[in-house]
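Participant: Following is a predicted model, sequence given first.
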2 protein chains.
Amino acid sequence: MYRYHDAMTETGATPPLRPHSAPTVQDVAAAAGVSPMTVSRVLGGGVNVRPEKIAAVTAAVEKLGYRRNENARSIRPGQRTGLLGVIITNVANPYYAQLQLGAEEVVASAGMRLLVGNSGEDVERERALVDDFIGRHVDGLIVVPTGEHVAHLSSAVAAGVPLALASRQVSGLEADAVIVDDHGGALEATQHLIDEGHTRIAYVGNTTSVFTSRRRLAGFREAHARAGLEIDAQLVRAAQNDSDAARAAMSELLRLDAPPTAIFAANNRNTIGVMRACIEAGAPTARIVAFDDFELSDMTPFDLSIVDHDPRDVGREAARMILTRLRGEAEPAARVLELPARFRA
Amino acid sequence: MYRYHDAMTETGATPPLRPHSAPTVQDVAAAAGVSPMTVSRVLGGGVNVRPEKIAAVTAAVEKLGYRRNENARSIRPGQRTGLLGVIITNVANPYYAQLQLGAEEVVASAGMRLLVGNSGEDVERERALVDDFIGRHVDGLIVVPTGEHVAHLSSAVAAGVPLALASRQVSGLEADAVIVDDHGGALEATQHLIDEGHTRIAYVGNTTSVFTSRRRLAGFREAHARAGLEIDAQLVRAAQNDSDAARAAMSELLRLDAPPTAIFAANNRNTIGVMRACIEAGAPTARIVAFDDFELSDMTPFDLSIVDHDPRDVGREAARMILTRLRGEAEPAARVLELPARFRA
DNA sequence: TTGTACGCGTTATCAG
DNA sequence: CTGATAACGCGTACAA
């Protein structure tokens, strides 16, 4: 069981039982013997303030441990919060962790911070997060949208919050977006399998209510069409949003009378599920093509080729789009950036 | 008074190119034909408000797309922001992504949101994040501290912000903490290797300036001491904070005249580096014991045993500590919760 | 160069 | 049940 210890309390001075209220400009002003306005000026860069007063204020700030109240600052007209809202589906998926990191990397240089929320592919939760973030007056919003629900996202746009969709788009919503060449990547990868001689290729991916899955499935289909190959409907499993579901789906495929000879796994969660199912079934040698790279992909026992792109770039570019809008440098029209997806045989 | 959309209404012109300022209680009140106070009451639950006014306000809110300004709310005395600051070293490390998710999971049920920052093991960046988060008046702070720097963390405590350290502690700082049984886990794992007959075991881990690495190394040493085994100093590599550095360190170990026969890898980054080095050296069969589990650990070609614990639990428990403090239910003294680390042979 | 007055959006308080 | 008033911390506009 869990063990509680008392921490060392040898420092003597016990912290205040009640958090005393934070010092304000008033307090600093009093301590420095100046007016609040002078304090504000010093904090704002100290232009047109006598050096000795700057020193006095600085000392008082130091002494009191004063910090500006960013929330109070932000309610003034024309002020920004310096917050970027990031709504992803699940940070536990390294893909989205990278996306989050890329976004932070870019906006941190502008002194901005990240407000992060996970939707878990739940539209209602996504809506709640969007609303909350708008209520907190984020300067921008990066969203990996779940499904095709537009209302809450449009209301963000209507509220004047720069919005950048990431990885996925939503039809009927004109917003900046950074997406990936899902179709091209899936097409090339599937063609490669066909060129290798496979005719029974399985598709294992997310629900087609997910933008990327729809597009990847379309690429998969087009490769077949170009080769004049029929697709056995049994081989298309597009309903798994996590690796466990993917494992179950793949297990079924392996039990077919005519199982697939190769698998196109449409994202990293599905790839992992596919691999687990193969191992369980004693077939750790399946030919797999995976959309999205993942850590240790090179260490699995499988014959694995990958359609690669960098989710961190998706986050970076989405953040750049937001920053561009904030600087007022962007055209009014929504911009869509499609990043390449590179097939590595 | 000079609200942009007011002007628009008067001129009856096209929708604004520039983001109009958000509607306020005033606007809603005007639209509903009530006072701002009534609007506030309705939003607060509608107690002691006539149903017809509730309806009118609700309609106006809906029509205008009104959202409360959380920043304005939070500057009032006794009000909270509903923000939890989370400072981790790197979300791209799935360990910390899980920690972040666990924290969100717990506080989300209390309606709180996460302000997240990555320190990248850089104290200066950590300090900047702590200061910024305090300036934003977070209700609590979860920090995975880098190194032994105390000043900025103490100042958080001094500011009255509930602070919970996660994974690591800092000496000289009395603060709540959720840590892991690093020593016990490392001890048991190393003993297991010794029991298997290994006498030349390498330690590959973070800098010992990192709390966990110090403790894991101590456990490693104690296992040797108990068995009466000397540790070859050449086999102890405690300076790698990412997998590339770990790979390099392991490569050196493999080139020793008497290379180790087993490796204790002190965290998931080091484990991955160790594995890569072994593969490069054509030795993908090394006996490895790893602290921290990671996705696909079961799919590598290595003989891998793991000292396991759930980083999501670390995040959850740290968040619970914060919530407990916020509810005023906690003893004043700092609490330290040590989660078990289970060895799986 | 410095200070005063005011308002940002919200809600607790108190009067009606 | 409802509304006027005031104040939270800060910074702009203006005065001194």
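Facilitator: Sure, I can see it.

Participant: what separates A:G205 from A:V86, distance-wise?
Facilitator: 24 Å (Cβ to Cβ, to the nearest Å). Placement of C-beta: from N, CA and C, glycine included.

Participant: try A:A56
Facilitator: From A:A56 across to A:V86, the span is 41 Å (Cβ to Cβ).

Participant: Who has more neighbours out of the two?
Facilitator: With neighbours defined as other Cβ atoms under 10 Å in any protein chain shown, A:A56 and A:V86 compare such that A:V86 has more, 32 against 19.

Participant: bridging residues for the more buried one?
Facilitator: Beta bridges link A:V86 to A:V116, A:I142, judged by DSSP bridges.

Participant: For A:D122, see how far away it is.
Facilitator: 16 Å.

Participant: Repeat that for A:F302.
Facilitator: 32 Å.

Participant: ok, these two, which is more surrounded?
Facilitator: A:F302 (21 against 14).

Participant: ok, that one - contacts?
Facilitator: When contacts are counted by Cβ atoms under 8 Å, 6 or more residues apart in numbering or on different chains, A:F302 is found next to A:275, A:278, A:284-288.

Participant: now do 7 Å
Facilitator: Contact analysis of A:F302 by Cβ atoms under 7 Å, 6 or more residues apart in numbering or on different chains lists A:275, A:284-286, A:288.

Participant: Please spell out the PyMOL selection for the buried subset of those residues.
Facilitator: Per 16 or more other Cβ atoms under 10 Å in any protein chain shown, the buried members of these correspond to this PyMOL selection:
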select buried, chain A and resi 275+286+288
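
Participant: What is the nearest of the contacts of A:F302 to chain B?
Facilitator: A:M275 (6.7 Å; Cβ to the nearest Cβ).

Participant: Now do the buried residues in the helix or strand where the closest one lies.
Facilitator: Take DSSP states H and E as the rule and A:M275 turns out to sit in helix A:268-280. Residues A:268-279 are the ones in helix A:268-280 that count as buried (16+ other Cβ under 10 Å).

Participant: got it, and stretch A:42-56?
Facilitator: In stretch A:42-56, counting by 16+ other Cβ under 10 Å, buried: A:42-43, A:49, A:53-54, A:56.

Participant: pLDDT check: weakest of those residues?
Facilitator: Taking the buried residues of stretch A:42-56 together, the minimum pLDDT is found at A:V49 (85).

Participant: Assign that one to helix, strand or coil.
Facilitator: coil (DSSP: H, G, I helix; E, B strand; the rest coil).

Participant: From DNA strand C, how far off is the closest residue to it other than its chain neighbours?
Facilitator: Of all residues not flanking A:V49 in the chain, A:R41 sits nearest, at 5.2 Å (Cβ to Cβ, 6 or more residues apart in numbering or on different chains). A:R41 is 7 Å from DNA strand C, where distance means Cβ to the nearest atom of the strand, to the nearest Å.

Participant: Also A:G205?
Facilitator: Where DNA strand C is concerned, A:G205 sits at a distance of 43 Å (Cβ to the nearest atom of the strand).

Participant: repeat for A:I231
Facilitator: 54 Å.

Participant: Report how many residues lie close to that residue.
Facilitator: 18.

Participant: So it is in contact with A:H224, correct?
Facilitator: Yes: assessed by Cβ atoms under 7 Å, A:I231 is found in contact with A:H224 at 5.2 Å.

Participant: Would you map the strands across chain A?
Facilitator: A:3-6, A:83-88, A:113-118, A:140-143, A:163-167, A:176-180, A:201-205, A:236-238, A:262-265, A:287-291, A:303-308, A:336-339, A:342-344 (DSSP state E).

Participant: Closest to B:S35 out of the buried residues of stretch A:42-56?
Facilitator: Comparing these against B:S35 with Cβ to Cβ picks out A:L43 as the nearest, at 36.1 Å.

Participant: For the closest one, which non-adjacent residue is closest in space?
Facilitator: Per Cβ to Cβ, 6+ apart, closest to A:L43 is A:R68, 6.2 Å.

Participant: what's the answer for A:H183, then?
Facilitator: With Cβ to Cβ, 6+ apart, the residue lying closest to A:H183 is A:G219, at 4.2 Å.

Participant: show me what contacts that neighbour?
Facilitator: Counted by Cβ under 7 Å, 6+ apart, A:G219 has contacts A:182-187, A:190.

Participant: so what pLDDT did it get?
Facilitator: At A:G219, pLDDT is 98.

Participant: Distance of whichever residue of the stretch 151-300 of chain A sits closest to DNA strand D relative to A:H149?
Facilitator: Going by Cβ to the nearest atom of the strand, DNA strand D is nearest to A:G160 of the stretch 151-300 of chain A, at 19.7 Å. The spacing between A:G160 and A:H149, counted by Cβ to Cβ, is 20 Å.

Participant: Please verify my assumption that A:I134 contacts B:R67.
Facilitator: Yes: at 5.7 Å, A:I134 counts as touching B:R67 under the criterion of Cβ under 7 Å.

Participant: What residues does the stretch 101-250 of chain A have near chain B?
Facilitator: Residues of the stretch 101-250 of chain A lying close to chain B (Cβ under 7 Å from any Cβ of the partner chain) are A:101, A:104, A:113-118, A:131-132, A:134-137, A:155, A:158-160.

Participant: what pairs with A:V180 across the strands?
Facilitator: Per DSSP bridges, the residues bridged to A:V180 are A:L339.

Participant: need the contact list for it.
Facilitator: Neighbouring residues of A:V180 by Cβ under 7 Å, 6+ apart: A:167, A:309, A:314, A:338-339, A:341.

Participant: before we move on, what about A:I263?
Facilitator: A:201-202, A:204, A:274, A:286, A:288.

Participant: Now for those residues: which two are most distant?
Facilitator: A:I201 and A:V274 (12.3 Å).

Participant: residues near A:P77, how many?
Facilitator: Residues within reach of A:P77, counting by other Cβ under 10 Å, total 7.

Participant: Show the model's pLDDT score for it.
Facilitator: 85.

Participant: Likewise for the one 4 residues further on?
Facilitator: In this model, A:T81 is scored at 96, pLDDT.

Participant: The residue nearest to A:H183 and A:F343, how far apart?
Facilitator: Following Cβ to Cβ, the distance that separates A:G219 from A:F343 is 11 Å.

Participant: Check A:G172 too.
Facilitator: Per Cβ to Cβ, A:G172 is found 31 Å from A:F343.

Participant: Looking at the two, which one has more neighbours?
Facilitator: Neighbour totals were compared for A:G172 and A:F343, and A:F343 leads with 19 against 10 (other Cβ under 10 Å).

Participant: what residues are up against that one?
Facilitator: A:185, A:188-189, A:192, A:307.

Participant: Narrow those to those in helices?
Facilitator: Applying DSSP state H to the contacts of A:F343, the entries found in helices are A:185, A:188-189, A:192.

Participant: Close to DNA strand C: what parts of chain A are there?
Facilitator: A:34-38, A:41, A:48-50, A:53, A:75-77 (Cβ under 7 Å from any atom of the strand).

Participant: List the residues that contact A:V307.
Facilitator: Under the criterion of Cβ under 7 Å, 6+ apart, the neighbours of A:V307 are A:185-186, A:189, A:290-291, A:341, A:343.

Participant: Most neighbours of all those, which one?
Facilitator: Using other Cβ under 10 Å as the neighbour criterion, A:A186 leads the contacts of A:V307 with 30 neighbours.

Participant: what's the distance between that residue and A:R216?
Facilitator: 4 Å.

Participant: Overlap in contacts, the two.
Facilitator: Common neighbours of A:A186 and A:R216 (Cβ under 7 Å, 6+ apart) are A:F291.

Participant: beta partners for A:A166?
Facilitator: Under DSSP bridges, the beta-bridge partners of A:A166 are A:V178.

Participant: Give me the neighbour count for it.
Facilitator: Counted with other Cβ under 10 Å, A:A166 comes out at 29.

Participant: Surely it is in contact with A:R316?
Facilitator: No: using Cβ under 7 Å, A:A166 is not in contact with A:R316, being 10.3 Å away.
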